[in-house]
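Undergrad: fold the stuff below for me.
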Amino acid sequence: MIGSPWKARNLRASAFLRMTLLMLLLLFGLSSLRSGDNGAVAHSPHTFLISGRETLSIHGAAEAPRSLSPPVRQSRGPIYSAEIHGVITSVTIAYLRRVLQLAEAANANVLIIQMSPSGGVLRDVRPFAGEIANADIPVVVYVTPQGTQAGAAGALFLSAAHISALAPRTSFGSPDPLAQVDAVLSQQTRELVLDSVTNQLRSWNAARGRNTDWVNRAVREGVVLSNEQAIAVDPPAVDLVAADLDELLTLLEGRAVKLADGRMVQLATLGQTVTPVAPTLWEGLRLALANPTIAFLLLAMGALAIYLELGAPGTSLFAGVGVVLLAGAVAGLLVLPIHGWSLVLLLLGFMLIGVEFFVPIHGALLVTGIALVLVGALNLIDPVQAPGITINLWVVPVAALALGGLAACSIWAAVRNRARPVLTGIESLIGRVGVAISDLAPQGLVRVDGEVWSAVADGEPIHVGDQVQIVAVEGVTLWVQPL
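TA: Here you go, the predicted structure:
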C-alpha cells in the first residue's frame, strides 16, 4: 500500500509530459503552416528558413527565366525601308539618319536598309554603324540586287544590323583593311586602334549569334565574303539569304530581336505593307553631286564654260553657267576625301588649257594641261579613307579630249589667221559686200559700209539696187561682181 501513491503520482506525471509534448507538436505544426502561407504570398526571408530547400528551389525556378530571357514583345508598327545606291558619303548618312529617326518616332516594326553601294567614306560609315547597333527599333540591312559588291561599307553595316541579309550572288568586305591607321602613330597606338575596331565588329556579330572568325582578318588585312561563303560557315556570318524583298519579309516573320536596351522584339512582317522613305528633292540633288564622277564632269564643264566666256566676252551667259557648274563641283568634292596634291594638279591643268586659248604656242601648254588633268583626276580620291570610290575611267579621258579638242580648234583658228596677209587701207575692202546705187555698164557707183565708191563691173552689167562683192581694188576704184 505504501507504493500505490508513488505509482499513481508517476502515472500522472507521465500523462502530463505526454500532453505537453503533444501541445508543443501542435503549436510547431501550426506555426509552420502559417509561415509557409506568408512565404507563398510575400516571399518573406522567413520562408526560406522554415520551408527549406523546396521553397528556395521553386523561388529560384520562377526568377531564373526573367533574368536570362526578357519577355518578348511583338511589334505591330509600320515597316519602313530606305534604299541607298552609289557612293556612301556624309550626305547619304544624313538621309539614313533622318529615316532612322522617323522610324523610331513611329515605333516601327522594323527598318529595312537596302543597299547597293559602289564605295563608302569610312569616316562617315563607321559612326552610323554604331547608330544602327544602338537603334530603338530592329534594323535589317539587306544587300541587293544580285551582283552587288557591298564593299567595306557593307561589312560595317551588316555587322551592326540586328538582322543581316544578302541577295544571291552578292558579297561584302574589301580586299583592303577596314581600318588603316596613320603611319606617324606609334606601333602600340596603331595596335590599340585596330584592336578597338576589331572588338567592336566582333561584339556586334557575337551579340547577334553570327560568325566572328573573319573579323580580325578583315580589319587588318582585308577579306571579301560572298553570300555562299558567309552562309556556309558555322555559325553563319550573315543571318539570311533572300532573293527579293518579298522573300525577305517571309523569312523575317516571327524572328526575335534583342535591342541595345535589352528589350526583346518579335517581328511581324508577313503580309505587311512596306513604306519606302525616298530622299527629298534637296537630298536627291546633294546625293547626285556627291558622286565623284559627276563632280569631275561639273568641274570640267564649268572650266569649258569659262573658256568660252573669255573667248567671246560680253554675253555673260557662259560665265553664269560656268559659275553654277563650278559651285556644284565644289559641293560634291567637299564631302569626298581627296588628295590635296591631286586637286592642285587638276586645277593647274585646267589653267594651262585655258591659257592656250589666248596665248597659242602651238600646243605645248595644251599637252601639258591634258597630262596634268589625267594624273590629277585618276588620283583625286583617297582610297584609304574611301575604298571603292573612283572617278569612272572612261570619263577622265573623254573630258580631257573634249577640252583638248576645243583648245586645238582655237589654236588652228589662230594659226590660220596668222597665215592670212595683213590688209590695210582700201585693200581691206576686198571681199566685202555693197549695193549698186547706179547702173554699172561697166562703170558706176556703189555704196560700201555707208561710203560711196567708183566701181567697175567685172563681167556682166549691174543694175541699180543689185548687191555686189568687191573682188579687187585699183587705185580708188573698186572692181565688183554681182551676187
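
Undergrad: only C-alpha atoms for contact and neighbour calcs from this point on.
TA: OK.

Undergrad: who's Ser454 bridged to?
TA: Leu445, Thr477 (DSSP bridges).

Undergrad: that one reaches Gly475, doesn't it?
TA: No. Taking contacts as CA atoms under 8 Å, Ser454 lies outside contact range of Gly475: 10.4 Å.

Undergrad: and these two? which has more neighbours close in?
TA: Ser454 (14 against 8; other CA atoms under 10 Å).

Undergrad: any idea of the pLDDT on the more buried one?
TA: For Ser454, the model assigns a pLDDT of 88.

Undergrad: point out where the protein drops to low pLDDT.
TA: Across the chain, the ranges flagged by pLDDT under 70 are 1-75, 180-185, 311-315, 357-362, 407, 410-426.

Undergrad: domains of this protein?
TA: Following automatic domain parsing, the chain resolves into domains at 3-68, 73-281, 291-419, 425-482.

Undergrad: now do stretch 319-336: distance to the chain's middle.
TA: 20 Å (CA atoms, centre = their mean, to the nearest Å).

Undergrad: okay, buried residues for it please.
TA: Neighbour-count burial for stretch 319-336 flags 319, 321-323, 325-326, 328-330, 332-333, 335-336 (criterion: 16 or more other CA atoms under 10 Å).

Undergrad: between the residues you listed, which sits nearest Ile231?
TA: Nearest to Ile231 out of the buried residues of stretch 319-336 is Leu336 (CA to CA; 33.6 Å).

Undergrad: which SS class is the closest one?
TA: Under DSSP: H, G, I helix; E, B strand; the rest coil, Leu336 falls in the coil class.

Undergrad: list the contacts for it?
TA: Thr89, Val121, Ala290, Pro292, Ile381 (CA atoms under 8 Å, 6 or more residues apart in numbering).

Undergrad: do Gly222 as well
TA: Residues in contact with Gly222, defined by CA under 8 Å, 6+ apart, are Gly173, Ser174, Pro175, Asp176, Pro177, Leu178.

Undergrad: by neighbour count, which of the residues you listed wins?
TA: Neighbour-wise, the contacts of Gly222 (other CA under 10 Å) top out at Leu178, 29 neighbours.

Undergrad: related to what we said a few turns ago, columns distance to Gly302 on top of the contacts of Leu336, output as TSV?
TA: Below are these laid out as TSV (distance: CA to CA, whole Å):
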residue	distance to Gly302
Thr89	23
Val121	26
Ala290	16
Pro292	15
Ile381	20
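
Undergrad: can you add neighbour count, secondary structure and distance to Val139 and give those back as CSV?
TA: Putting the contacts of Leu336 into CSV (neighbours: other CA atoms under 10 Å; DSSP: H, G, I helix; E, B strand; the rest coil; distance: CA to CA, whole Å) gives the following:
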residue, neighbour count, secondary structure, distance to Val139
Thr89, 23, coil, 20
Val121, 24, coil, 21
Ala290, 27, coil, 25
Pro292, 24, helix, 29
Ile381, 24, strand, 31
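
Undergrad: how close does the residue nearest to Val330 when sequence neighbours are not counted get to Trp282?
TA: What sits nearest to Val330 in space, not counting adjacent residues and going by CA to CA, 6 or more residues apart in numbering, is Ala295, at 7.4 Å. Per CA to CA, to the nearest Å, Ala295 is found 16 Å from Trp282.

Undergrad: give me the more crowded residue out of the two.
TA: Ala295 (24 against 9).

Undergrad: what distance do you get for Leu440 to Val224?
TA: On the measure of CA to CA, Leu440 and Val224 end up 89 Å apart.

Undergrad: what's the burial count for Ala105?
TA: Residues near Ala105, counting by other CA under 10 Å: 11.

Undergrad: tell me the phi and psi of it?
TA: Dihedral angles of Ala105 (phi, psi; degrees, to the nearest 10) stand at phi -60, psi -30.

Undergrad: for the one 5 residues further on, same thing?
TA: Listed backbone geometry of Val110 is phi -160, psi 150, with angles given as degrees, to the nearest 10.

Undergrad: how about the contacts made by it?
TA: Contacts of Val110 (CA under 8 Å, 6+ apart): Gly77, Pro78, Ile79, Tyr80, Ala103, Ile137, Pro138, Val139, Val140, Leu267.

Undergrad: and it, how far is that from Ser81?
TA: As for Val110, its distance to Ser81 is 8 Å (criterion: CA to CA).

Undergrad: tell me where the stretch 351-483 of the chain has helices.
TA: 364-378, 395-419 (DSSP state H, counting those that start in this stretch).

Undergrad: okay, which residue is most central for the chain?
TA: Centroid-nearest residue in the chain, with CA atoms, centre = their mean: Ile88, separated by 1.3 Å.

Undergrad: give the closest residue to that one in space, chain neighbours not counted.
TA: Gly120 (4.4 Å).

Undergrad: contact partners for the one you found?
TA: So Gly120 contacts Val87, Ile88, Thr89, Gly151, Ala152, Ala153, Ala386, Pro387, Gly388, Ile389 (CA under 8 Å, 6+ apart).

Undergrad: spatially nearest residue to Val321 (excluding sequence neighbours)?
TA: Ala305 (6.6 Å).

Undergrad: surely the one you found and Phe318 touch.
TA: Yes. Under the criterion of CA under 8 Å, Ala305 makes contact with Phe318 at 5.1 Å.

Undergrad: ok, back up a step: so of the contacts of Gly222, which ones are in helices?
TA: Assigned to helices by DSSP state H, none of the contacts of Gly222 qualify.

Undergrad: could you pull up the contacting residues of the residue nearest to the centre of the chain?
TA: Ile88 makes contact with Pro117, Ser118, Gly119, Gly120, Val121, Val125, Ala153, according to CA under 8 Å, 6+ apart.

Undergrad: can you list the residues that contact the helix or strand harbouring the residue nearest to Val321?
TA: Ala305 belongs to helix 292-311 when assigned by DSSP states H and E. Helix 292-311 has contacts (CA under 8 Å, 6+ apart) with 288-289, 315-319, 321-326, 328-330, 332-333, 336, 350, 354, 357-358, 377, 389-392, 395, 399, 403.

Undergrad: could you check the angle that helix makes with helix 364-378?
TA: If you take axes from the mean of the first three to the mean of the last three CA atoms, to 10 degrees, helix 292-311 sits at 160 degrees to helix 364-378.

Undergrad: how near is the nearest residue to Val274 once chain neighbours are set aside to Val110?
TA: Nearest non-adjacent residue to Val274, counting by CA to CA, 6+ apart: Ile79, 5.0 Å away. Going from Ile79 to Val110 by CA to CA gives 5 Å.

Undergrad: now Val140
TA: 7 Å.
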